Structures are given as C-alpha cells and as structure tokens.
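Engineer: Attaching a predicted model along with its sequence, questions to come.
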Amino acid sequence: MELDEMKTLWADVSLRMEKQDKIQKELLIDITRQKFRNKLDYVRIPEIIGALFCVGYAMYVLSHFSDFELWYNQLFALISVFILLALPVASLSVIKGMRTLRIDSESPAAILDKFTKNKIRFEKVQRHSMIFGGILMITILPPLAELRGSVAKISNPLFWIIYIPICLGLMFFLSRWVLKKYKRVIDSSEKMLKELEY
Amino acid sequence: MSKEEAFVNLIHANQGLIFKIATIYAKEKAEQDDLYQEIVYQTWKSFDHFKKASKPSTWLYRVGMNTAITHLNKSKKQLNTLPFDQVTIQFSELHDAEKEEKIQMLYAQIRKLNLLDRGIVFLFLEEKTYEEIAEISGISVSNVGTRMSRIRQKLKSEMNPKPMEYGTR
C-alpha cells in the first residue's frame, strides 16, 4: 500500500474515531483511580517486600557473625550478606531509572533510547541476580546450620560430598537457562537501539 | 473550571487521537483498551505540566506515543482494564467490506514497523509536516525525511515482493 493511499484511508479512520460516543466522565475518573491502585499493588509492594526480606536476613547474619567458629562459614556468611545487600540495591536502582522517565516532556526518540538502555541494564541485572542467587544457595545453608547448632552435620564430609555436587548441578542448569532466557531479550533491545541510530 | 473538568474536556476533545495511538501500537482489543486507559492515566498524572506546555497538541501526541513505547516495551504485562465495551472501535459494523479489509491491511503494515517509525508514520498520516514530526518525535527534520523514504521503500517492497528465484538445472 502506498503512503498516499494510506493517508486517504486514515482520514476515513479519523472521521469514524471522532464520531464515536464520548466516554463518560465517571468512567474516565474510574480508569485513572484503578490504574493508580494497580501501579501501587503490582509494582511497589513486591519490590519493597523482597528488599526488606534480603536486608533483614543480612542483618540477622551480621548480628550473629561472632558466633561463627568455622572459617568457611565466616566466608560464606560474608558472601551471603554481600549478595543479599547488593542485589536489591542494583535491582531497585535500575527500576528507579525506568520510573523517572519523563513521559510528558521528553521526545519519543529520547524515551525509546533511554527506556531501551534501561531495559538492557535491567535484563543484565536480572541475569546476574539469577546467577548470584545460585551462589547464595550454596553459601546460605552452612552458616544457617551452624547458627541452629547443627555443626556436627556440616562437619561431616558426607554432607559436603552430597551438598556440593547438588549445588553445582543446580548452578549449571540455572545459569544455562538464565543465559538463554535473557540473551534473546537483550539482543532484541540492542537491535532496537541500532535502528534508532540510523 | 476545576482540574478534573479540564482533564475530562481534554480527553473528550482528543478521544479520537488516543484511540488512534492505541490501535496502531496494539493489535488485540484487550491490549488496545489497556493502552488507551494507560494513556488516560499518564495524561492525568502529568496534567499539571500540560497547562505549562507551549504547544498543547504536541504535548498530547508526545504523552500518547511515549506511553505506548514504554507500556508495550515491557516484557511481561498484566492487563488491568475496566470493562470498556461501550467505546470499542467497531469496524465490524461497517458495510464496506473492501474498505474494512484495506483498513486492517493499513494497520497490519504500520504495526510491522519499529516503535519510532510507527509513530513517524502515524504523525505523517495525521497530516503533520516534517518539521512538526521532527518536533514531536525528537529527531531532526533530515532524519524524518530519511526515515520516511525508507518506510516508503519498505511498504513498496512488501506490496511487491521479489519473485522467488529458482535454481537452474
């Protein structure tokens, strides 16, 4: 279809759109209220709960740090605390970047550029979160066992013989799945950025 | 006039424009309704800036297109719409089947373009000049020209696809 033919058809579409019934005032206000409620419920609350859980657990581990007698549990506890604090900070900062886009004052080209870059950052953070989550699976259990007085269990070589292969196996499958899952999204976003450049 | 009344008047005056943005950026009816409602919500959210905007029409085009870009670009969406049947865009009622088919083809072709080009074609179809398109979309006038000629070529090549070449025996 040629653009000129499109223009003629579009004029017809425009005319029909203008002729439609007007949406009632009450419905417009309801739309606005419902959207506002949905944003609060679906976006902020899970983020905040997740971050609070991570920070709370990190604080718990730190407050019992002097109770760890085994050197590797001290190391595992530090790694766990680092991951539990770093992941929510990284995730929330990317989401904040996406939220601060000024829809009413920036141009569509600028919005698309910023949004796509933020999306790529977000997907990368998600990817790293999954991988660090796998590491957290390994490092979180032994210190917890020591805090709960089960030192004998984790001192037993059999525990490590079973625990390490299971964790490494899980890590392997998780990482493979994550890399595959996010690669496609990141690739398509990068393609969009390239299209913006021409 | 209260803020609420001014907002409702603005939406009523530009209802067709918002519908058109929703239909070129979203394909399914539920998605179109969701996008329409998201544009209404974003317009309300930034309504205080509207009063300060130097060109109100440019402002609304930007809010609509920016909302479509950010809303549809999210990888996973949960549709949260109010029942919206009374305002459905009812092309099915049309008697002219041929025209109806052409309109569906028009939408299909526009939706094949990337998000920015879709907006540029939309503004072109809205009878905007290259200068106005550049101002609204945030790219240079020469870039609008370049993009329009590429879009023209793309549309033409889709209408007249190259014949498949068969190997010689």
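Structural biologist: Noted; the coordinates are in hand.
Engineer: From here on, just use CA atoms for contacts and neighbour counts.
Structural biologist: Fine.
Engineer: low-scoring stretches of chain B, by residue?
Structural biologist: B:53-54, B:73-95, B:159-169 (pLDDT under 70).
Engineer: Now with 80, please.
Structural biologist: For chain B, the stretches with pLDDT under 80 are B:1-2, B:49-57, B:72-97, B:156-169.
Engineer: in chain A, which helix or strand is least confident?
Structural biologist: helix A:25-39 (a mean of 73; mean pLDDT, DSSP states H and E).
Engineer: helices or strands up against the helix or strand following that helix?
Structural biologist: Sequence order places helix A:45-63 as the next helix or strand after helix A:25-39, per DSSP states H and E. Secondary-structure packing of helix A:45-63 (3 or more CA pairs under 8 Å, 6 or more residues apart in numbering or on different chains; DSSP states H and E): helix A:71-99.
Engineer: Could you figure out how far the helix it packs on is turned away from helix A:45-63?
Structural biologist: With axes from the mean of the first three to the mean of the last three CA atoms, to 10 degrees defining the directions, helix A:71-99 sits at 150 degrees from helix A:45-63.
Engineer: Now do the buried residues in helix A:71-99.
Structural biologist: Judged by neighbour count (16 or more other CA atoms under 10 Å in any protein chain shown), helix A:71-99 contains these buried residues: A:73-74, A:76-81, A:83-85, A:87-88, A:90-91, A:94-95, A:98.
Engineer: so A:Ile135 sits right up against A:Phe172, yeah?
Structural biologist: No: in this structure, A:Ile135 is not within contact of A:Phe172 by CA atoms under 8 Å, at 10.8 Å.
Engineer: more crowded one of these two?
Structural biologist: Neighbours were counted for A:Ile135 and for A:Phe172 using other CA atoms under 10 Å in any protein chain shown; A:Ile135 has more, 19 against 14.
Engineer: need the contact list for the more buried one.
Structural biologist: A:Met171 (CA atoms under 8 Å, 6 or more residues apart in numbering or on different chains).
Engineer: Could you measure from it over to chain B?
Structural biologist: Using CA to the nearest CA, to the nearest Å, one gets 26 Å for the distance from A:Ile135 to chain B.
Engineer: cool, and A:Leu158?
Structural biologist: The spacing between A:Leu158 and chain B, counted by CA to the nearest CA, is 43 Å.
Engineer: and what of A:Pro143?
Structural biologist: A:Pro143 is 36 Å from chain B, by CA to the nearest CA.
Engineer: so where does that residue fall, helix or strand?
Structural biologist: Per DSSP H and E: helix A:108-147 holds A:Pro143.
Engineer: Run the angle between that helix and helix A:71-99 for me.
Structural biologist: 160 degrees.
Engineer: Downstream of helix A:108-147, the next helix or strand is which one?
Structural biologist: Sequence-wise, the next helix or strand downstream of helix A:108-147 (DSSP H and E) is helix A:151-155.
Engineer: after that next one, next one along is what?
Structural biologist: Downstream of helix A:151-155, the first helix or strand assigned by DSSP H and E is helix A:157-197.
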